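Engineer: Provided below are the primary sequence and the corresponding predicted coordinates.
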Amino acid sequence: RVWIPDCTEVWRVAEITRGYKEGDAVLHLRLEDGSALAYPIEFQLLPLCNPDCLSGADDLVALSYLHEPAGLHSLRRCFLEANAIYTYCGIILVAINPYKPLPIYEEEVIYAYSGHEVGDMDPHIFALAEQAHKQMVRFGKNQSLIISGESGAGKTVSAKYAMRYFTAIGGCLSDSSVEEKVLASSPVMEAFGNAKTTRNDNSSRFGKYIEIGFSQARVTGATIKTYLLEKSRVTFQAKAERNYHIFYQLCASATLPELQGLALREAESFCYTCQGQCTTAQSTNDTADLEGTRHAFCLLGVPEADQLELFTILAAILHLGNIMVRGRDRRGDSCFVEPADEALGLFCMLLGVEASQVTHWLCHRKLVTAGETYLKPLSRQQALNSRDALAKHMYGQVFRWVVSKVNCALWSPEGHRISIGILDIYGFEMFELNSFEQFCINYTNEKLQQLFSLRIFKLEQEEYVTEDIPWVFVDFCDNQPCIELIEGRLGILDLLNEECKMPQGSDGSWAQKLYQTYLSSSHFQKPKRPKDAFIVCHFAGKVEYQCDGFVEKNRDAVPEELVGLLRTSKSALLAELFLEEGDGPIAPQSRRSSGPRMAARPSCRSLPFSQKKSISSQFKASLNRLMETLSSTMPHYIRCIKPNDGKQPFVFNSRRVVEQLRACGVLETIRISASGYPSRWTYQEFLERYRALLSREELMGADEKQICSLALERLLQDPSKYWCGKSKVFFRAGQVAYLEELRFRRLRAACALLQRHLRGWLAQRHFARVRAAAVCLQCHARGTLARSRFVRMLRRTRAAVMLQKSLRMVLARRSYLRMRWAVVTIQAFTQGMFDRRLYRQV
């Protein structure tokens, strides 16, 4: 049986009906429906099918024939027939989103995977998390879980389950509520940072790196670092998309007594929540979600008063979007806001600012020249842009404040020596309209893909060369040219920053500079339609970006007069948010050292935000720091796959899946793993780990390499299963697991021997104690029984004597009375006889 290409299923099975000889032009096949097909052979033969017993294997690398159709078929069979959503592919865990709750994440499942090696049980995210935890404890090195995939593939849910596992098995050193706080951070961050998109009802619109600290294998605290919140979503949503969840949660709960003073209504009533014409999400309950958000805030130590003040600012943002700006004349050079505008009054009332000042600075701008200050009226569109910029800036500051509160609650005074990081960041995005946010998101995925490629492919081959390991070089797609196009000197980002510095810089002039500079690049294209747009050839495909809004979003300019007005607000929280100017780091930078460390307590106040670096410069710097952090850890990869675009449970679209498998490197991993040595140990590590398997003669070797070589020659026997390099020993797939099994058996036998002798000694001691106690009990029992029997015998003897005495007395008396009666009778007869005789004589 072979696999043949198919336009709908990508690959389909066919059976060869005639023998093939080298040089034949066609293969005679029979399809599954019974029809015959003569398939022309052009360059290479068709890939062979695996036996049925191997299809649906837990690890794709274990397949006999490793190629794209075999991997795709194995995933489809596991997903549809066994309802198994997790599959290994070497060091990668492939997770397919089932779009349906499954009972495989309960507490008993967590403890079932705890303590087991990868491969002992079915593939699961808990197994990979347990492996990361074990390696952290065993080697004392920081670990990271890099969760990647398209939007809607299940990255956020996977991150939450991994956090739940670490907090469950890690326990806590000082505060039993640390686990609850770490888990409580998820609903808070999702409420303020997630939104419904066309691909996902709970899409993360920001990136986060959650660093869970450990000390002595116990959880001590956590830190959350965030990246590039999509602030433009606050003021604009595409069709069938929503704003951030928190706005709809507040609107759905507007009837609560504590929220009635915010003048909230249905989400359809606000400009900032109805642009996508979708105010509800099928998989969410906004009213219940607000209760969960407030409960999570309470667990994080945010008092009710601060929560209500926060909700007041969010309600003010919604009312700000409803402020009507009208032009004064047809030319549109100036505009005004009606003083009686209801939304304006509610905005000013909630924030405690003067309505006259708000209307003035919404419609005017202060220009400072050499020694003079001018007041410039704004057009209606400029005023609307100013209003939206203020709303985005306010929400950005609110989000920063929420993150700082979360970090403050998760901070631990003990600090931590080692940590496990969980990267939950936006997946590759390609929509009909792609703007600045999608460009930054895809730039991030390019960097992550490069990190994955360097770690899995490039460094793999280079290390083999360094260790003198025979290796056939395998070509792979290196996306460094695409990254250079984006972030290199005079790259897209540099040209964008240069355009933002120009007083009259615009999206159109920036687009023309891109065409002039990069039209000859193989990763840059100009669309055929005449418009300001450009195409970047990413690792996952070509994406067309519309230049409209790039310059303004990169500047992220906020009217200084309006910000100053908010600083004078009567709202203590709002004044705190705008206390100083700046855009500092959202989360405190962790200090890394070889010894114990004491973490500095993060400030719970709003962090300063020093402008004016452009958004792209800030994002590039934070992304480089993220890459440095990930490079210093031992990574564990989770590739989330979206099985279909309709969010239907257990529906497998082969074409969509294979596109993601090609893009995320899973198929390349299959190819590399089939021909390489995926596991390697230094000789010292091998001896420390497997010393129990070595014989006394092998330990007498001259050096570590000779000892390892002799041991492996005896243990593995097949020289093709391993290779001894200069400083490391390399193993084929599955050999380390075999050695671990041998080590487990040896240690188990040793433990059984120790347990046998120990249990024997304990049993003997226990037997002696039981015997002595039994003898003592028997002694006392026998004495008691003897005494009771003797007393009983005495009583019976006495009773018998009494009975005998009485009976004998009765019998003797009866005999006496009978004898006496007889004697008296005889005497009477005799006396009578003598008396009658005497009478006769007389």
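Structural biologist: Cool, got the structure.

Engineer: for Ile104, pull up the helix or strand it's in.
Structural biologist: Using DSSP states H and E, Ile104 falls within no helix or strand.

Engineer: that one contacts Met121, doesn't it?
Structural biologist: No - applying C-beta atoms under 8 Å, one finds Ile104 not in contact with Met121, separated by 11.2 Å. Heads up, the C-betas are built off the backbone N, CA and C, glycines and all.

Engineer: the helix or strand containing Gln831 packs against which elements?
Structural biologist: When elements are assigned from DSSP H and E, Gln831 belongs to helix 735-841. When contacts are defined as 3 or more C-beta pairs under 8 Å, 6 or more residues apart in numbering; DSSP states H and E, helix 735-841 sits against strand 679-682, helix 683-690.

Engineer: and if we set it to 10 Å?
Structural biologist: Packing partners of helix 735-841 (3 or more C-beta pairs under 10 Å, 6 or more residues apart in numbering; DSSP states H and E): strand 679-682, helix 683-690, helix 704-715, strand 722-724, strand 728-731.

Engineer: among the ones you listed, show me which one is buried the most.
Structural biologist: strand 728-731 (a mean of 22; mean count of other C-beta atoms under 10 Å).

Engineer: point to the residue nearest the middle of the protein.
Structural biologist: Ala159 (1.7 Å; C-alpha atoms, centre = their mean).

Engineer: tell me how far that residue lies from Thr633.
Structural biologist: Separation of Ala159 from Thr633 (C-beta to C-beta, to the nearest Å): 16 Å.

Engineer: Ile236 reaches Asp548, doesn't it?
Structural biologist: Careful, residue 236 is Phe; it's not Ile. No - with contact defined as C-beta atoms under 10 Å, Phe236 does not reach Asp548; the gap is 11.8 Å.

Engineer: what touches both of the two?
Structural biologist: Applying C-beta atoms under 10 Å, 6 or more residues apart in numbering, one finds that Phe236 and Asp548 are jointly contacted by Ser435.

Engineer: okay, helices next: where are they in the stretch 501-650 of the chain?
Structural biologist: 507-518, 550-555, 560-567, 572-577, 615-631 (DSSP state H, counting those that start in this stretch).

Engineer: and Arg837, how many residues sit next to it?
Structural biologist: Close neighbours of Arg837, defined as other C-beta atoms under 10 Å, add up to 10.

Engineer: okay, it: pLDDT?
Structural biologist: The per-residue pLDDT reported for Arg837 equals 92.

Engineer: what of Gly564?
Structural biologist: Confidence score, pLDDT, at Gly564: 86.

Engineer: okay, now it: neighbour count?
Structural biologist: Using other C-beta under 10 Å, Gly564 has 13 neighbouring residues.

Engineer: now it: how far from Leu350?
Structural biologist: From Gly564 over to Leu350 (counting by C-beta to C-beta), the distance is 18 Å.

Engineer: can you give me the domain assignment for the protein?
Structural biologist: Domain assignment for the chain by the TED database gives 1-46, 677-733.

Engineer: rank these by mean pLDDT and give me the bottom one.
Structural biologist: Among those, domain 677-733 scores lowest, at a mean of 82.

Engineer: for Cys640, grab the count of nearby residues.
Structural biologist: So Cys640, with other C-beta under 10 Å, has 25 neighbours.

Engineer: one more: Thr568?
Structural biologist: 14.

Engineer: ok, Ala540 next?
Structural biologist: By other C-beta under 10 Å, neighbour count at Ala540 equals 21.

Engineer: and it, how far from Pro69?
Structural biologist: Ala540 is 21 Å from Pro69, by C-beta to C-beta.

Engineer: flag the shaky bits of the stretch 101-250 of the chain, pLDDT-wise.
Structural biologist: 171-177 (pLDDT under 70).

Engineer: where do the strands of it begin and end?
Structural biologist: 143-149, 194-195, 203-204, 207-215, 218-227 (DSSP state E, counting those that start in this stretch).

Engineer: tally of neighbours for Leu747?
Structural biologist: Other residues close to Leu747 by other C-beta under 10 Å number 12.

Engineer: look up how far Ala711 lies from it.
Structural biologist: Distance, Leu747 to Ala711, using C-beta to C-beta: 16 Å.

Engineer: and what of His124?
Structural biologist: Look at His124 and Ala711: by C-beta to C-beta, they are 33 Å apart.

Engineer: against Asp333, how distant is Gly152?
Structural biologist: Taken as C-beta to C-beta, the span from Gly152 to Asp333 is 46 Å.

Engineer: ok, the two, which is more surrounded?
Structural biologist: Gly152 (22 against 14).

Engineer: just give the nearest non-adjacent residue to that one, would you?
Structural biologist: Closest residue in space to Gly152, ignoring its immediate chain neighbours: Asn200 at 3.4 Å, by C-beta to C-beta, 6 or more residues apart in numbering.

Engineer: OK, contacts around the one you found?
Structural biologist: 97, 150-156, 194, 281, 283, 427, 642, 647.

Engineer: can I have the buried ones of those as a ChimeraX selection?
Structural biologist: With 16 or more other C-beta atoms under 10 Å as the criterion, this ChimeraX line picks the buried residues out of the contacts of Asn200:
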select :97,150,151,152,153,154,155,156,194,281,427,642,647
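
Engineer: from the contacts of Asn200, which is closest to His393?
Structural biologist: In terms of C-beta to C-beta, no member of the contacts of Asn200 lies closer to His393 than Asn194, at 20.2 Å.

Engineer: identify the residues contacting that closest one.
Structural biologist: Contacts for Asn194 (C-beta under 10 Å, 6+ apart) come out as 156, 186-187, 200-206, 242, 244-246, 284.

Engineer: check those and tell me the two furthest apart.
Structural biologist: The most distant members of the contacts of Asn194, if one measures by C-beta to C-beta, are Ser186 and Arg242, lying 19.0 Å apart.

Engineer: who has more neighbours out of those two?
Structural biologist: Each of Ser186 and Arg242 has its neighbours counted (other C-beta under 10 Å); Arg242 has more, 27 against 21.

Engineer: the more buried one - nearest residue in space that isn't next to it in sequence?
Structural biologist: Of all residues not flanking Arg242 in the chain, Lys196 sits nearest, at 4.0 Å (C-beta to C-beta, 6+ apart).

Engineer: next, count neighbours for the one you found.
Structural biologist: Considering only other C-beta under 10 Å, Lys196 is surrounded by 25 other residues.

Engineer: please apply the same query to His757.
Structural biologist: 10.

Engineer: still on that earlier bit, what about the helices and strands packed on helix 735-841, which gets the closest to Arg765?
Structural biologist: The closest of those to Arg765 is helix 683-690. By C-beta to C-beta, the value is 36.1 Å.
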